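Trainee: Predicted model and sequence follow; I will ask about them next.
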Amino acid sequence: VSAGEQRRWTLNDFDIGKPLGRGKFGHVYLAREKRSNHIVALKVLFKSQLQQSQVEHQLRREVEIQSHLRHPHILRLYGYFYDQKRVYLILEYAPKGELYKELQKCKHFSERRAATYVASLARALIYCHGKHVIHRDIKPENLLIGAQGELKIADFGWSVHTFNRRRTMCGTLDYLPPEMVESTEHDASVDIWSLGILCYEFLYGVPPFEAKEHSDTYRRIVQVDLKFPPKPIVSSVAKDLISQMLVKDSTQRLPLHKLLEHPWIVQNAEPSG
Ligand SMILES: Cn1ncc2ncnc(NCCc3cnc(NC(=O)Nc4cccc(C(F)(F)F)c4)s3)c21
């Protein structure tokens, strides 16, 4: 299923296997391309729902952006095709599935596991930002696990090239940085904020500004009401890194290349990342 084959795919080119997951817009299936026997994930989206939600432009942008991204910690989108009613995304298969399920199972990750994940995500985001792409939707639900246990960022449905800044709200508020919640201008530093939220959730099992009501989460975000609970016990060097990422002024957030030199990452992340 190499990118070189910009051919017209059809459903007949694939044997469909077990369902891998279901999202808001459609289901994902394990599939095998018949000619090459290559195993892929096939996401099936209903045109009616895409039209209803007016997100077709976002999907086109995702396919366009993903066609230029090649990184070990970014899930490949090999191509797409459509029929009368559906659009199909041909995706790299992540054999160890969804990270959020792993996090639910373990409650929270060890500092070594969390630091290894954060380092690999930082490297993937440095790569994206180098190509003027911001992901804007970094959260456990969009992270998958590869065959060697490595993390893969998936679903660039919310990504943009940094010259245009439009977006509409949907999904969880938890990961949105102040400037997106206050809908002012935003740039690549939104991904640094979300990575800080993710690091906190890896270590504590819940995002830092979680609250019952949306309005409370909103207030806690814009006030950066960051608290570290006594349990589970987390090193102060980890808390120092999180505190340098969850900064209201987006220009003052720790740059990603500095994150990779932070003592907590240096002391805890596996070299392979
Ligand atoms: C669960 N699971 N387990 C193993 C495994 N291996 C691979 N993939 C999996 N799951 C699919 C992961 C995705 C990757 N890219 C996506 N992209 C997307 O869903 N895009 C998208 C959808 C609807 C609307 C829009 C729009 F229009 F708003 F932009 C954009 S979903 C797997």
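Mentor: Here it is on my side, so go on. Numbers count the residues shown, from 1 in each chain.

Trainee: For the residue of the chain positioned farthest from its centre, which three-state class applies?
Mentor: What lies farthest from the middle of the chain is Arg35; by Cα atoms, centre = their mean that is 31.0 Å. Using DSSP: H, G, I helix; E, B strand; the rest coil as the criterion, the local structure at Arg35 reads coil.

Trainee: Give me the pLDDT for it.
Mentor: Confidence at Arg35, expressed as pLDDT, is 96.

Trainee: which stretches of the protein form strands?
Mentor: Remark: strands assigned in the chain by DSSP state E are 14-22, 27-33, 39-46, 77-82, 86-91, 133-134, 143-145, 151-153, 160-161.

Trainee: Switch those over to JSON lines; also include mean neighbour count and distance to Val190.
Mentor: To be clear about C-beta, it is placed using only N, CA and C from the backbone, and glycine gets the same treatment. Listed next are the strands of the chain as JSON lines, based on neighbours: other Cβ atoms under 10 Å; distance: least, Cβ to Cβ, whole Å:
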{"stretch": "strand 14-22", "mean neighbour count": "14", "distance to Val190": "25"}
{"stretch": "strand 27-33", "mean neighbour count": "18", "distance to Val190": "26"}
{"stretch": "strand 39-46", "mean neighbour count": "21", "distance to Val190": "25"}
{"stretch": "strand 77-82", "mean neighbour count": "19", "distance to Val190": "21"}
{"stretch": "strand 86-91", "mean neighbour count": "21", "distance to Val190": "24"}
{"stretch": "strand 133-134", "mean neighbour count": "24", "distance to Val190": "6"}
{"stretch": "strand 143-145", "mean neighbour count": "22", "distance to Val190": "17"}
{"stretch": "strand 151-153", "mean neighbour count": "24", "distance to Val190": "14"}
{"stretch": "strand 160-161", "mean neighbour count": "16", "distance to Val190": "10"}
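
Trainee: For the residue nearest to Val63 when sequence neighbours are not counted, give me its contacts.
Mentor: Among residues not flanking Val63 along the chain, Tyr80 sits closest, at 5.6 Å (Cβ to Cβ, 6 or more residues apart in numbering). Counting by Cβ atoms under 8 Å, 6 or more residues apart in numbering, Tyr80 touches Trp9, Val63, Val87, Tyr88, Leu89, Ile90.

Trainee: And Tyr80, how far from Tyr127?
Mentor: Computed as Cβ to Cβ, to the nearest Å, the Tyr80 to Tyr127 distance reads 22 Å.

Trainee: Out of the strands of the chain, which gets the lowest mean score?
Mentor: Of all the strands of the chain, strand 160-161 has the smallest average pLDDT, which comes to a mean of 73.

Trainee: Cool, thanks, talk later.
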